[in-house]
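# Output the structure for:
(5 chains)
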Amino acid sequence: MSGADILFYMLAAMILGSGILSVTTRHIFRAAIFLLFSLIGVAGMYFWMQYEFIAAVQIVVYVGGITVLIIFSIFLTQQAGEKLPEQKMGRQLFAALAAFCGFAFIMLQILRHSFIGTTKTTAEPSVVNIGNQMLGVEQGGYALPFEVVSILLLAALIGCIVIAVRNKTQTT
Amino acid sequence: MPNPTYIILILLLPLASFLLMGLFGRSYIKNASGLISTAMLFVATCLAFYVAYGYFFEYGNVNGVYQKLIPFKYTWLEFSKGVSIDMGILLDPITAMMLVVVTLISLMVHIYSLGYMKGEERFATYYSFLGLFTFSMLGLVIASNIFQIYIFWELVGVSSFLLIGYYFEKPSAVAACKKAFIVTRFADLGFLIGILILSFYAGTLDFNTLIQRLTSPESMEFKTAVASSFLGISALTWGMVLVFVGGAGKSAMFPLHIWLPDAMEGPTPVSALIHAATMVVAGVFLVARLFPVFALSTPDALHIVAYVGATSALIAAIIACTQTDIKRVLAFSTMSQIGFMMFALGVSKYGGEEGLGYTASMFHLFTHALFKALLFLGAGAVIHFVHSNDMNDMGGLRKHLPITHATFLIACLAISGVPPFAGFFSKEEILLAAFQHNPTIYWIALLTSGLTAFYMFRLYFSIFWNKEYHPHGEHHGEGGFAMMMPLVLLAVGAAAAGFIPFGKFVSSDGKALISEFHLQFSIAPVALGLVGILTALLLYKKQNSKPDTIASSLNALYKAAYHKFYIDELYLFITKKILFNLVGRPAAWFDKNVVDGMVNATGNSTQTISEKIKGFQSGKVQEYAIYFLAGATALAVCGIYLWK
Amino acid sequence: MNLLILILVPIITALAVLMMRNNNLVRWTAFIGSGIQLLLSLGLYYAFNQARAHGETSQMLFEQKTELFKSWNISLHLGVDGISVAMILLTSFVVVAGVLMSWKVEKMTKEFFFLLILLSMGAYGFFISLDLFILFFFLEVAVIPKYLLIGIWGSGKKEYSANKLALMLMGGSALVLLGLLGLYLSAGKTFDLIQLSQIQIPVRTQMICYPLLFVGFGIFTALFPFHTWVPDGHSSAPTAGSMFLAGISMKLGGYGCLRVATYLMPEGAHEYANIVIVLSTIAIFYGAFATMMQTDLKYINAYSSVSHCGFVLLGIGMLTKVAITGAVMQMVSHGLMTALFFAVIGMIYERTHTRQVNEMGGLLKVMPFTITLLFIVGFCSLGLPGLSGFVAEMTIFMGAWEHPDTFHRVATVLACMSIVVTAVYILRAVGKTAMGPLKEEYNHLTDATWNEKLAAIVLMIGILAIGLAPGWLNQLVSPGAEVIMQKLK
Amino acid sequence: MNDFFILMKPELMIVAIIFILLFLKLGKGLSNNSLLLVIQILLLWNFASGFLMNATGHLFNDMYQTNAMMSLQKNILNGGVLLIALIFTEWFQKCEHLSEFFVLMLSALLGMFFLISSGNLLMFYLSIELATIPVAALANFHLDKKVSSEAAMKMILSSAFSSGVLLFGISLMYGTTGTLNFAAIPALLDGSALQIMAFVFLFTAFAFKMSIVPFHLWTADVYEGSPIAVTSFLSVISKGAIAFVFISTLYKVFQPYHTIWYSMVMVLSIVTMITGNLFALRQQNIKRFLAFSSIAQVGFILVGISSNSIQGTTSVIYFILIYIFSNLAAFGVAGLISFFTGKERIDDYKGLYRTNPFLSWILALSLFSLAGIPPTAGFFGKLFLLTSGAATGSYLFIGIAAINMIISLYYYLRVVRAVFMDTNESPVEKITIHPMTRIAFIFCGAGIVLTGIMSWLYDSIKALVN
Amino acid sequence: MMQPGLYHILFISAALFFIGVFGFFTRRNLITMLMSVELILNSVNLNFIAFNKYLWADKLDGLFFTIFVIAIAAAEAAIAIAIIINLSRNFQSIDVEKTDEMKF
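Numbers count the residues shown, from 1 in each chain, chains lettered A, B, ... in the order given. Predicted coordinates for the structure are as follows:
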C-alpha cells in the first residue's frame, strides 16, 4: 500500500466519519464543525486527484464562505449550548434504513456497471486552462454559464437583502 | 258511387261542434251552445239517413250483393310500402246502419240534454264532449283501416272518460272515469297487439285487403299466418283473439266489464248514448267487421267470442236482478244484451242461411240501441224527478210521470222480447241461430232472456208501482218538451223497429237473407219471458217482504250477485296489492336506493378516499423529501427492471 | 340556406341579451331572438322540402365545410337531413315556449335568458354538425347552462341535482369522447361523419366504440340504469330549465345514439342491439312503474320521460327503418309534449306553490285553461290518437314488430304494455290534480297569463301538427332513416 | 455578433429590463405607482418584441440554442408575466420592494428562457436553479407572515434536495456518457442500468418542478403561503416553462429511452391526476385548491407528453397557452379578493356574484376552462391532449383521464356553486377593480374564449414545432 | 485492499450522498438540514471530479460543472439562510416539525 493509498483512505475516513458525525451529533455547533472537516476532506480528495484548482475553490467557497455563513446563522438563530431536539426514533431508523438501501442499490448499479471512458488525456486541469475556458466562447468555453451564474448570484444577493434586512417597522 | 263529401260532413259536423263549443263555448256562446250543437247534429243525422238510404236503395246493391265501397281514402301515415294508416270510408251495410244508429241516438241525447242538463255550469263543455264522442264514434264505424278503427276506438274511450268524469268534483265520478279508461285501455292493449300481429302477417292494415288475404286459403299471407304459432296456437288465432279482447273491453264483456256499472257516474243522457246504445257495441261492431276472418279462418277464436258473450249475458243478468241502483240495473242489462249480440256472432257461420247469427246480432244491436237509449233516457227523467238513483227511493211514479211511464213500459216489453216489440224479433233470431249451432248456448240464452224479463220488470214495478210516491220539495214535472220528445220518438222506434226486414239489408256475405218466422220456436222464449214478467209482478207490484225473503233464502248466491261476484275486489287486489305493492313500490325503491344509491355512493366514496389520504400531505418538509426519494427509487427500480 | 345562421342567431341573441339595460328589454330580446330562430327553422323546413322536391338526392343538404383545426382534420362541417330538420324544428318550438314561460323570472333575469339562449345554441349546433368533434363541442356546450339554470334558479335540493346532472352528463360525454377518439384513430384520423360513414370501420373498433358511444349518449337520454339524473334534475330545475332539459337536452342523446353510434357502426349496432333492447325495455317498464309511485308532479313527468325516452332507444335498438323513424318521431313528440307538461306544471306550481298531487284537487274549476292543457299533455303522454305521442309510439311498435323472433316480440309486447301503466299514472296524476273537490285555499287562483297561453299554444301547434297529420314528419324523417338502414344492412 | 443579438434577443431583453430596474432603484425618485407603470410598459415592450425577428440557431458551442418554437414558448411566458404584472396592479402598488420583486421574477424568467434554450446539462442545471432560487426568495415576500416564510423554506429546502438528486443523476449521466451536450447524448445512451437510473434521477427534477405526484408535495404548501402573484408565477409560468423543456428533453434527448419514459409518464400521469383531484376535492383555501387543481392539470399535460409526437408537443404548448389565461384569471380573482378582504376560503366566496358579477364571470370562465368545458379554450386544450395521448393506443389510460375530468368538474363546480348559487350573510363587498387589472382580466377572458375558437392558432403553433 | 480508483471514490461519494440524505430526513433543525444538503452537493462534486479524472480526461466538463455547482451551492445557501433567519423571526423557532402551518 503506497502512501497515496494511505492518504486516500485517511481522507475517505475523514469525509465519511465527520460527515456521519455532522448529521448525528446533537450539538449544532459541533455539527457545523464536523461539516467543515468533511468539506475539508473533500477538498483533500480533490488534491489527491490532482485537481488543485478545484480544491482551492472548495476551500475558499465552502470552508471560507458557506460554513462561516452557517455558523453565523447559527449564532443568529440559536441560543448557544442548546442541544438539538431529537428526532423520533422511528423516523431515524426508517431514514437510516432508507439511506442504506438507497446506497446499496446505487452501489450495486455502479459496481455492475463497466465504465467505458476515453484514453485520450489532453486537458490539463491547470489554472491557465481553466481560466481560458471559463471565459471563452469558442469550443470548450464556459462564458455563458458564467454569465448565468453571475445573474443568479446577483438575484440571490438581492433576495437575501430583501428578506434578511427587513424594516424595523415590520418587526414587532 | 256515393258522394264522400256527405259522409265526411257527417263526421265533421260533430267535430266542428266539439271545437266550437270547446274553444268558445265557455265564454261566447254559452247559452246557445246546446241549440247550436243540436242543430249541427240534426244536419248530420239527416245526412246519415240520406247516405244510408242511398246505400241501401240506390247504389249499394250490385247484383243482389251489398258491396263494400271505399268512396274515400287518404294516406295518413305510411309505415312502409303497403302498410299505412289510411283515413278512409268503408261503406257497407253495417256502416250504413251504424251511421244511422249513432247519429240518431246522439241527436236524441242532444235534444234530451237540452232539458236535462239545463243550467249546468259547464253546459257548453258538455256539448263539446258529446260532439267529440259522436265524431269519434262515427269515425270508428266508417273506418276502412284497422288502425283507423283503433285511433277512433281510443278517441271514443277518451270521450267516454271525459263524459263519465263530467262531474269532476265528485270523487266517485273521478274514480269511475279513471277505471273506465284504464280497463278499456288494458283491453285495447290486446287490440293493439292483435293489430300488430294481423298487420305483420297480412302485410296491410286495410280492412278489405286484410280480410281478403287472411280468408283465402291459397294466399301466402294466410299460409304463413296459420303456419307460425305461439304456445301451440296459430298466430292468426292469437291475433283475432287479441283483437277480440279489445272489443270485449269496450263492450264490457266478462271479465272486462267492471268499468261499465261505475261508468253510470256520468250524466244519464251520456249513459244512454255511450254506455248503452253506441260505444259499448263497438266491440260487437269490431267482431262483425272482421267477421269473415273469424268465421273462415279462425273458428276457435269465434268460439271464444261465443262463450264469452254467453257467460257475460248470464252473469250480467243475474247481477242485474239484485242491484238497486236503477242505472246499474240498466248497465248490467246492457252488458247482458251485448252478450247476446256477441254470442250471436259467435255461433254464426259465414254466408247464406248459416250466417243468421250475424244478421241477428246486428239486428239486435239496432233494436237494442233504440230501446236501451229509451230506457236510459226514461231513467234519466225519473232521476231528474226523484233526485236519486236508488230504487228504494222510488215507487208509484206512474201518476207523476205518465209519458215516461208509458215509454218505459214499451222499452221494457221490447227488451223482454214480448211480441210485437222490436226486441222480440231480434232476440228471436239470435235464439234461433244459437239453437241451430250451439245448444249449450241456446239454453243459457233462454235462461238469460227469462231473467231479463224478470229484472226489467222488477225495475219497472219498483219505479212506477210498488209504494206511493210523496214528492218532497218543489215539483219538477216531466222535464218539458226537450226531454219528452226523444222518449216518444224512441218509443215509437222500439215498438216498430222489429218490422224492418233486416236480413235483406245486413248479412254476413252481403246477400239478402230472408229469415223465416217460426211460430212454434217462439213459444218457449216468449213464455219464459212472460213468466219472468209475472214473477216480477208478483214480487214488486206492491210493497212487500217477499223479495227479501227470497233474497235471504238464496243467501250466498244473492250476496255474491249483489257484490257483482266480487270481480271488482279481485281487480283491486291485483292492481293495489300486486302491481302497486309488488311492482311499483319496489321499482321506486330500487330507483331511489340502488340506482341512485350507486351514483351517490360513487361520489361519497371519492370524498371518503380523499379524506383518508390527506395524511400524505403532512406539512412536514422532511416527509416530502422521503416521498420524493421513495418515488425516485421506485421509478428507478421499475425503469431498470420492469419497463426497460 | 346557410346553416351557420342557425348558430349565429342564438349567439347574437345571447349577446344582445347581455347588452340590454332592463329586464323587460331582456325578455323581449330573448323572445324576438327565439322567434326569429323559429321562423328560420320553419324556413329551413320549407327550403329543405323545396330542395328535396327539386330532386336534391344527396344525403345531407345545405352542406358547408370550413376547416378549423387542420392538423387534426377537424372542420366545421354543417349539413342537415330530415332527421336533423325535425330536431331543429323541435328545438325552436321548445325554445320559444321556454322563453315565454320564463317571463316572470325576476332573479338575475339577464343571466337567465342568456343561459337559456346559450343552451339552445348548443342544441342547434349539435343537430346541424356533421363533424363529430364539433358535435361533441356543442354537446358539451349545453351542459353548463343546464347546471347553472338548475343551480341558480331551481328549487328543492337544487344544488345536489345540478351537481348530479352535470357530473353524470359529463360522465356521458367522457364516454362519448372515448368512443370518438377510438373512431378517429382507427378510421383514418377524421372526425367527419360523412367520411366516416363511407369507411368500413374495423369490427374490433366497433365492438369497443359502439357501447362507449351508445352508453355515453344514452346517459343524456336516460338510458337505464344511468337515468337517475333525470328525476332529480328535472324536478329541481326552473320551469324553462325542465322544458329545455327534457325537451331538447335529452334528445341530444337520442340523436347521438342514432346518428353517431348506430349509423357509423352497423356491426356494433347489430351486435349490441339485444342489450339495447333489453335496457330500453327495462327503462320503459321500470320508468313507468317508478312513475306510478311518485307524488310530485315534476317527478312524475321526469320518470315518465325515462319511460318515454326508453321508446326512443327501443326504436333505435330495433334497427328497422320504421322503428328508427318512430324513434325520431318519438324524440320530437316527447320533446314537445314534455316541454308542455313541464310548462303546465310550472303554471300550476306558480299558483299553488306545491307540486304534490295529494295537496291539490279540483283545479279544473279555477284554472280551466291550464288544466285543459294538463289533460291534453296527459293524453298525449299516454298515447292518445290525434296527439303526437300516439303516432310516434305506434310507428315504433310497427317497426319493432317487423322482427318475427320471440325476443323482439316479447320486448315489443312489454313496451306496448307500458301504455297501460302510463294511462294509470297519468290519470292518477291528472285525477288528483285537476279533479275532485277543490280546496279552500285554491279558490282564488287565476288562470294562465298571456305569455303562458302563447307558450302553450306554440307547443300545442307542434303536438297537434304531428298528431293530426303525421305524414309530413314521416316524410321528413323516413328518408333519413332509410339512409341509416341502408348502412345497417 | 449580430447573430448573438438576434438569437439571444429574449434573454437580452430581460437582462436589459433587470438593469433598468436596478438603475431606477438607484435613482430612488420613483413612486411605486409610476415604477409599476414603467415596468408594465417595459414588459409590454418585451412581449411585443418577442414577435419580431425570431431566428433559428445556436451559440456557445450548442450550450444555447433557439428556434421558432422556443421563441414562441418564451413569448408565451413573456405574455404570462405581463399579465401577472397587470392583474396584480394593486398588490404591486402596495408592494414594498417592487423593483426587487421584479428583478427576482425576471431573473427567474431569464432562468426559464435559458432552460428552454439550454443545449447542455450544465446550462440545464444552472438555469433550473436560476429559475428556482429567486422564486424561493419571492415566496418570502410577505416578510412578516408565518405562512410566507414557511412556504419559502419548504420551497428552498425541497428544491435543494431535488437538485441534489438531479445533480447525482447528471453526474452519473456524465460518467456513463462522457458528455454534457444534449445533441451528443442520444447516440451514447446504451440502456445500462446505471444510465437508466441517472435518467430517472434527471426525470425526478422535472417531476419535482412540474409537481408530478409523488414529487408534488411542496406545491400546495408553497402556493398557499406565497404572495399570490408569486403563486401564479409559480403555477403558470414556471410550470409552463418546465413542461416545454420536459417535452423537448424527453422527445429529443431521451428518445432512445422512449419505452421507459412512456411507462413512467403514463403511471405518473394517472397517479398525478387522481391525487391532485382527490386532494382538490377537500380544499377550502382557494389558493390551495387551485394548487391541487393545477397538479391535476399536470396529469393532463403528461397525457399529451406521453404521445411522443408532434401533435403532442403542439398540444402541450397550446394547452399551456390556454392554461396561462385560465389559471391567471382564477388566481387574479382570488388574489384581488384576498388583497381587498383577506378572504381566501371558498365558503367566503358564497354570494360573490351578487356583489361582484364581473369577477364572478371571470372566475367561472376560468374554472370552466380549467375543467375543459366548451366553449372555453380549455375544452380544446384538454381534448387535444387526450387525442394525442390516445394515439399511443392505451385507451385505459385515456379512460382514467376522462374519469378524472369528471372529478375535477365536481370541484370546479363547487366554487361556481359557491359563487353563483349560495347565499351569504356577509358576502365579499364590492371591489373596485383597477383599470389595468380589468384590462388584464378582459384579455384573459378573451383568451379563454377565443383561443379555442380561433382554430388557426393551433395550426400555426404546429407549424412552429419541429 | 486494492489500489484506490474510480470505484472507491464513487463509493465515498454515494455514501456521502446518503449521509446527507439521512441528515436531511432526520435533522429537525433547519440549519442542520441545510448542512445535509451541502453534503449531498459535495458528494456530487466528488462524482464529477472522479469521472472527469478517471474516465473523461480529454475535457474539463466535470471540473467546470463542479465549479458551477459550488457557486450555486453558495447562492442557494445564502438564500436559504436568509429565509431561515426570517422564518426564525416569525416562528421564534427553526424546528422543522413546528413549521407545519399549512398541511393537508
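
# where's the spatially closest residue to D:Phe339 that is not a sequence neighbour relative to chain A, distance?
Nearest non-adjacent residue to D:Phe339, counting by CB to CB, 6 or more residues apart in numbering or on different chains: D:Trp91, 5.2 Å away. (Each C-beta comes from the backbone N, C-alpha and C, glycine too.) To chain A, D:Trp91 is 16 Å away according to CB to the nearest CB, to the nearest Å.

# so who does D:Trp91 touch?
D:Pro227, D:Ile228, D:Ala229, D:Gly335, D:Phe339 (CB atoms under 8 Å, 6 or more residues apart in numbering or on different chains).

# Out of these, name the ones that lie in helices.
D:Ile228, D:Ala229, D:Gly335, D:Phe339 (DSSP state H).

# need the contact list for the closest residue to the first one other than its chain neighbours.
This means D:Ile228. Spatial nearest neighbour of D:Ile228, excluding adjacent residues (CB to CB, 6+ apart): D:Gly335 at 3.6 Å. By CB under 8 Å, 6+ apart, the residues touching D:Gly335 are D:Ile87, D:Phe88, D:Trp91, D:Ile228, D:Ala229, D:Ser232.

# can you rerun that using 7 Å?
Counting by CB atoms under 7 Å, 6 or more residues apart in numbering or on different chains, D:Gly335 touches D:Phe88, D:Trp91, D:Ile228, D:Ala229.

# Of those residues, just say which sits nearest to B:Ala316.
Within those, the smallest distance to B:Ala316 is 86.3 Å, found for D:Ile228 (CB to CB).

# Give me the number of neighbouring residues for residue 89.
All of this is about chain A. A:Met89 sits with 8 neighbouring residues when counted by other CB atoms under 10 Å in any protein chain shown.

# should've been chain D
22.

# which ones are touching B:Leu319?
For the record, residue B:319 is Ile, not Leu. Contacts here follow CB under 7 Å, 6+ apart; on that basis B:Ile319 touches B:Phe332, B:Ala561, B:Lys564.

# Among the residues you listed, which one lies nearest to chain A?
B:Lys564 (84.3 Å; CB to the nearest CB).

# Chain neighbours aside, what residue packs nearest to that closest one?
Nearest to B:Lys564 is B:Ile319, by CB to CB, 6+ apart, at 5.4 Å.

# Over to A:Val137?
That would be A:Ala143: by CB to CB, 6+ apart, it lies 4.8 Å from A:Val137.

# Contact partners for the one you found?
Contacts of A:Ala143 by CB under 7 Å, 6+ apart are A:Leu135, A:Gly136, A:Val137, D:Phe60.

# Also A:Phe34?
Per CB under 7 Å, 6+ apart, neighbours of A:Phe34: A:Ser18, A:Leu21, A:Ser22, A:Thr25.

# now the last one, nearest residue through space, not along the chain?
This points to A:Thr25. A:Ala31 (5.1 Å).

# any idea whether the one you found is helix, strand or coil?
The three-state label given to A:Ala31 by DSSP: H, G, I helix; E, B strand; the rest coil is helix.

# who are the neighbours in contact with it?
Neighbours of A:Ala31 in contact, by CB under 7 Å, 6+ apart: A:Ser22, A:Thr25, E:Thr32, E:Met35.

# out of those, what pair is the most spread apart?
Longest span within those, CB to CB: A:Thr25 and E:Met35, 10.9 Å.

# Of these two, which one has the most company?
Counted by other CB under 10 Å, A:Thr25 and E:Met35 do not tie: E:Met35 has more neighbours, with 30 against 18.

# could you say which helix or strand contains that one?
If you go by DSSP states H and E, E:Met35 is part of helix E:30-54.

# Check whether that helix comes into contact with chain B.
No - figure legend: helix E:30-54 not in contact with chain B (CB under 7 Å from any CB of the partner chain); closest approach 7.6 Å.

# what helices or strands is that helix leaning on?
helix A:3-24, helix A:28-48, helix A:67-77, helix D:146-177, helix E:6-26, helix E:61-91 (3 or more CB pairs under 7 Å, 6 or more residues apart in numbering or on different chains; DSSP states H and E).

# OK, contacts around C:Leu459?
C:Phe93, C:Ala97, C:Leu336, C:Ala339, C:Leu340, C:Ala343.

# nearest residue to the second one other than its sequence neighbours?
This means C:Ala97. Counting by CB to CB, 6+ apart, the residue nearest C:Ala97 is C:Ala455, at 4.1 Å.

# Just give me the neighbour total for the one you found.
Neighbours of C:Ala455 using other CB under 10 Å come to 31.

# And for A:Tyr46, nearest residue in space, chain neighbours not counted?
Excluding the flanking residues, the one nearest A:Tyr46 by CB to CB, 6+ apart is A:Ala55, at 3.6 Å.

# any idea how far A:Gly11 lies from A:Ser18?
Not quite, residue A:11 is Leu, not Gly. From A:Leu11 across to A:Ser18, the span is 11 Å (CB to CB, to the nearest Å).

# Correction: the previous question concerned D:Ala463.
Counting by CB to CB, the gap from D:Ala463 to A:Ser18 is 58 Å.

# For chain E, what lies in contact range of chain D?
E:17, E:24, E:30, E:33, E:37, E:40-41, E:44, E:47-48, E:51, E:55-56, E:61-62, E:64-65, E:68-69, E:72, E:75-76, E:79-80, E:83-84, E:86-87, E:90-91, E:99, E:101-102.
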